[in-house]
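when you get a sec, could you give me coordinates for this:
(chains A and B)
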Amino acid sequence: EAGVAQSPRYKIIEKRQSVAFWCNPISGHATLYWYQQILGQGPKLLIQFQNNGVVDDSQLPKDRFSAERLKGVDSTLKIQPAKLEDSAVYLCASSFGGDEQFFGPGTRLTVL
Amino acid sequence: QQQVKQSPQSLIVQKGGIPIINCAYENTAFDYFPWYQQFPGKGPALLIAIRPDVSEKKEGRFTISFNKSAKQFSLHIMDSQPGDSATYFCAASRGGTSYGKLTFGQGTILTVHP
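Coordinates of the predicted model:
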């Protein structure tokens, strides 16, 4: 079974630029999550999708972050404009409906 | 009330030792407590998980001890190996409208010397 795919793996941008991350969950997984993991900290949930609907986006900074999951499969997370404090690893995870979440390798974002 | 506090931040043991990582939570509505293992450059992977209706769960060399009254749970790694060197995260979630929303601890960097 293929795992959660994410791209790009690394991204370096200047502050105030925009950036987008892509996630392809495990086939058949209805629930998709985006987490932000700042160096030295645990992942923090940004947004949770059930199929193509948003379940929880309470910790998503909506003035600069946006996410979508068209057709209930792939998802993109966008930051516009980026700030220095957005430097982190952005993790995508998916689940079939049970408790276990399967994580992708993440995208490491550096904002200069 | 949504925090999960994890300790220690780092831990060094010799091969064969039994590292213990502790977590404490405040929200009594939490009903699922997983431990994740993360290697550098990889995403976290589920190691073992427990629900509050049992006090201990063992899977291979990994054991979770759960103390509901103290609102604490811990991970024990028996006969630790250098390959266990990784960052370990405890987490917690609750059901209802927050189903699947994991709150993670700060992580523990474990180093197992040969």
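
what ranges does chain B have for its strands?
B:4-7, B:10-14, B:20-25, B:33-38, B:45-50, B:56-59, B:62-67, B:72-77, B:86-92, B:103-104, B:108-113 (DSSP state E).

deepest-packed of those strands, please.
strand B:86-92 (a mean of 24; mean count of other Cβ atoms under 10 Å in any protein chain shown). The C-beta positions use only the backbone N, C-alpha and C, and glycine is treated the same way.

quick one: strands adjacent to that one?
Take DSSP bridges as the rule and strand B:86-92 pairs in its sheet with strand B:33-38 (antiparallel), strand B:103-104 (antiparallel), strand B:108-113 (antiparallel).

that older thread, and the strands of chain B: which comes nearest A:Ile26?
Between A:Ile26 and the strands of chain B, the tightest spacing by Cβ to Cβ is seen for strand B:45-50, at 13.2 Å.

that closest one and chain A in contact?
Yes - counting by Cβ under 8 Å from any Cβ of the partner chain, chain A is contacted by strand B:45-50 at B:Ala45, B:Leu46, B:Ala49.

which of those residues sits closest to chain A?
Lowest distance from chain A to the residues of strand B:45-50 next to chain A (Cβ to the nearest Cβ) belongs to B:Leu46, with 5.2 Å.

gap between that closest one and B:Pro34?
Distance from B:Leu46 to B:Pro34, counting by Cβ to Cβ, to the nearest Å: 6 Å.

pLDDT weak spots in chain A?
A:1 (pLDDT under 70).

center of it - which residue?
A:Trp34 (3.3 Å; Cα atoms, centre = their mean).

was I right to think it contacts A:Ala20?
No - at 12.0 Å, A:Trp34 does not count as touching A:Ala20 under the criterion of Cβ atoms under 8 Å.

between the two, what contacts are shared?
A:Leu77 (Cβ atoms under 8 Å, 6 or more residues apart in numbering or on different chains).

could you tell me which residues of chain B lie near chain A?
B:4, B:6, B:32, B:34, B:36, B:41-46, B:49, B:89, B:91, B:93, B:97-98, B:100-107.

and the gap between the spatially closest residue to A:Gly42 that is not a sequence neighbour and A:Gln101?
Leaving aside its sequence neighbours, A:Gly42 sits nearest to B:Phe104 (Cβ to Cβ, 6 or more residues apart in numbering or on different chains; 3.0 Å). B:Phe104 sits 11 Å away from A:Gln101, taking Cβ to Cβ as the criterion.

would you reformat the strands of chain B as TSV and include distance to A:Pro43 and mean pLDDT?
Listed next are the strands of chain B as TSV, based on distance: least, Cβ to Cβ, whole Å; pLDDT from 0 to 100:
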stretch	distance to A:Pro43	mean pLDDT
strand B:4-7	12	96
strand B:10-14	18	97
strand B:20-25	15	98
strand B:33-38	9	96
strand B:45-50	12	95
strand B:56-59	22	97
strand B:62-67	19	96
strand B:72-77	17	98
strand B:86-92	8	97
strand B:103-104	5	95
strand B:108-113	14	98
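
and of the ones you listed, who's closest to A:Ala2?
strand B:45-50 (15.1 Å).

contact partners of the closest one?
Counting by Cβ under 8 Å, 6+ apart, A:99-103, B:32-38, B:56-57, B:59, B:62-64, B:66, B:73, B:75, B:88 sit against strand B:45-50.

if you set the cut-off to 10 Å instead, what comes out?
Here strand B:45-50 makes contact (Cβ atoms under 10 Å, 6 or more residues apart in numbering or on different chains) with A:3, A:99-103, B:32-39, B:56-60, B:62-66, B:73, B:75, B:77, B:86, B:88-89, B:91, B:93.
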